[in-house]
Each structure stands twice: as C-alpha cells, then as structure tokens.
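Visitor: I would like the atomic coordinates for the input below:
(2 chains)
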Amino acid sequence: AQTVTQSQPEMSVQEAETVTLSCTYDTSESDYYLFWYKQPPSRQMILVIRQEAYKQQNATENRFSVNFQKAAKSFSLKISDSQLGDAAMYFCAYRSAFVSSFGNEKLTFGTGTRLTIIP
Amino acid sequence: DTGVSQDPRHKITKRGQNVTFRCDPISEHNRLYWYRQTLGQGPEFLTYFQNEAQLEKSRLLSDRFSAERPKGSFSTLEIQRTEQGDSAMYLCASSLEMGNEQYFGPGTRLTVT
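Guide: Here you go, the predicted structure:
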C-alpha cells in the first residue's frame, strides 16, 4: 500500500517571502500522480498543482512549483511571493496511474501542513 | 457548473441514530468519491462510484456504512447506529473521467454525541 508523509505539521512565512512544504511518499509502482491540495479554513479543498511521475520536468502553476525527486520519493511544494490568501492546510496526495475496472482511483493523502502567512 | 454540493453541511446526532448525507456531483461527472477526514488528519478514502456502480470500498467502510448512487447522479452515504468514532468531516468529490482531477465539495461535518 502507498503511504504519504508530511513531516511539517505547521509552517509560517512572512508575506511576499518564499516557503517550501515537504512531502515524501512510499510506493512500489513506477507510474503514478502526485498532487498538492489546499484546504482553506471552512472552505473546500482545491487542487493547487499536479505532477505525473513519468514527466521529469517539475510542474509549475504561477507562484506554485514543485521539486519532484522520483528516486528519493520526494515531492515538495514551493510557494513564491506568499500572499495572505495562501493561508490554509496543504495536503500532499498520491494516486496510482494503474487503474483497473475494479477501481484504484483513490487519492491517498498525507496528514497536512498548516501554513500561516505573517503580514 | 455549480461545483460539488453536499447536504447537510453540519449534522449533530445522538449515538445510535442513523444519519444520511447527500452529495451532488458536478453535472456529467461520472465518477464520485467519498472520503472521511478526522481532526488533524488528511482525508481517507471510503468508496467510489463509476456511474451507478460502486467499484471500490475501503476497509474503513464497516457494515454500518452504505453508499448508493442511483441512476449515476447524486449519491447518499448512510451511517447506521452511529458511534462517537464516526464524528468527522465527510467529503465528496467527483471527476469527469478516469485520471481526471477530483473536485471536492464543502463536506458534511458529523458530530455524534
């Protein structure tokens, strides 16, 4: 079974600075997807960024980028120019790319990192 | 596109009572997922549907839990004989096709007293 570990329960960053959230995972599969989801207080979870394991190039979405190290099974999220609206719980998630007719489409989440933005 | 909706948003019930939650996915999304999130934890997968077929169930889904998706539209999650350990946020998500992004609803927060 796959596992996802986020070792930083809480992080804080000064507004306009850069912060990196860590995530490691364990899997025996060679092809999979990794995600970072954001869950603002009392609001629904939204996808921040997605990475396909077969792609060597790190994904980037505006101020959000990842550092994907497949051999090390590491998937960190970098937020540049942090804004007050970035304050949220951030979850790293894994999904297998091997989907059968009987399922295997579930997301496996880490325990999350609470990010605080200091004005 | 109004997003994934869930009803109710909050539910307080007494131990031993039955509760039912509803999820309306984004229209035309044929996949629907249920997750449970307890305080301080990430969401944990419960079950998912492709259209009306329930394709996978987690071992977290005990016999007291049942989920349906009649006609492949909305879904219901019922918990019978609730226990205090069932207190959690129940999240629903939907996606258009296999491998696509899962869009989450706001969740139903269940408190069992």
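Visitor: okay, which residue is most central for chain A?
Guide: The centroid of chain A falls nearest to A:Trp36 when counting by CA atoms, centre = their mean (2.7 Å).
Visitor: Retrieve the pLDDT associated with that residue.
Guide: In this model, A:Trp36 is scored at 98, pLDDT.
Visitor: and what of A:Asp86?
Guide: Per-residue pLDDT puts A:Asp86 at 97.
Visitor: That one contacts A:Leu115, doesn't it?
Guide: Yes - with contact defined as CB atoms under 8 Å, A:Asp86 counts as touching A:Leu115 (6.4 Å). The C-beta positions use only the backbone N, C-alpha and C, and glycine is treated the same way.
Visitor: anything in contact with each of the two?
Guide: Common contact partners of A:Asp86 and A:Leu115 (CB atoms under 8 Å, 6 or more residues apart in numbering or on different chains): A:Ile79.
Visitor: Let me know the distance separating the residue nearest to the centre of chain A from chain B.
Guide: Distance of A:Trp36 to chain B, computed by CB to the nearest CB, to the nearest Å: 12 Å.
Visitor: Contact partners for that residue?
Guide: Per CB under 8 Å, 6+ apart, neighbours of A:Trp36: A:21, A:23, A:47-50, A:64, A:66, A:75, A:77, A:90-93.
Visitor: Please name every helix or strand in contact with whichever helix or strand B:Arg36 is part of.
Guide: Taking DSSP states H and E as the definition, one finds B:Arg36 inside strand B:31-37. Judged by 3 or more CB pairs under 8 Å, 6 or more residues apart in numbering or on different chains; DSSP states H and E, the packing partners of strand B:31-37 are strand B:44-50, strand B:75-79, strand B:88-95.
Visitor: please redo it, this time with the cut-off set to 6 Å
Guide: With contacts defined as 3 or more CB pairs under 6 Å, 6 or more residues apart in numbering or on different chains; DSSP states H and E, strand B:31-37 has these neighbours: strand B:44-50, strand B:88-95.
Visitor: what angle separates the shortest one from strand B:75-79?
Guide: In other words, strand B:44-50. Calculated by axes from the mean of the first three to the mean of the last three CA atoms, to 10 degrees, strand B:44-50 forms an angle of 140 degrees with strand B:75-79.
Visitor: could you pick out which of the contacts of A:Trp36 are near chain B?
Guide: Among these, the ones lying near chain B by CB under 6 Å from any CB of the partner chain are A:47, A:91.
Visitor: Give me the buried subset of the contacts of A:Trp36.
Guide: Among the contacts of A:Trp36, the ones that count as buried by 16 or more other CB atoms under 10 Å in any protein chain shown are A:21, A:23, A:48-50, A:64, A:66, A:75, A:77, A:90-93.
Visitor: in its sheet, what does the worst-scoring helix or strand of chain B on mean pLDDT sit against?
Guide: The least trusted helix or strand in chain B, going by mean pLDDT, DSSP states H and E, turns out to be strand B:53-57, with a mean of 90. For strand B:53-57, the paired strands and their directions (DSSP bridges) are strand B:44-50 (antiparallel).
Visitor: now could you export just the CA positions of the strand it pairs with as PDB?
Guide: Output of strand B:44-50 as PDB, limited to C-alpha atoms (Å, rounded to 0.1, in the frame of the first residue of the first chain):
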ATOM      1  CA  GLU B  44      -9.200   8.900   4.000                       C
ATOM      2  CA  PHE B  45     -10.800   7.100   1.100                       C
ATOM      3  CA  LEU B  46     -14.100   5.400   1.800                       C
ATOM      4  CA  THR B  47     -15.600   4.400  -1.500                       C
ATOM      5  CA  TYR B  48     -16.200   5.400  -5.100                       C
ATOM      6  CA  PHE B  49     -18.600   5.000  -8.000                       C
ATOM      7  CA  GLN B  50     -18.400   5.000 -11.700                       C
END
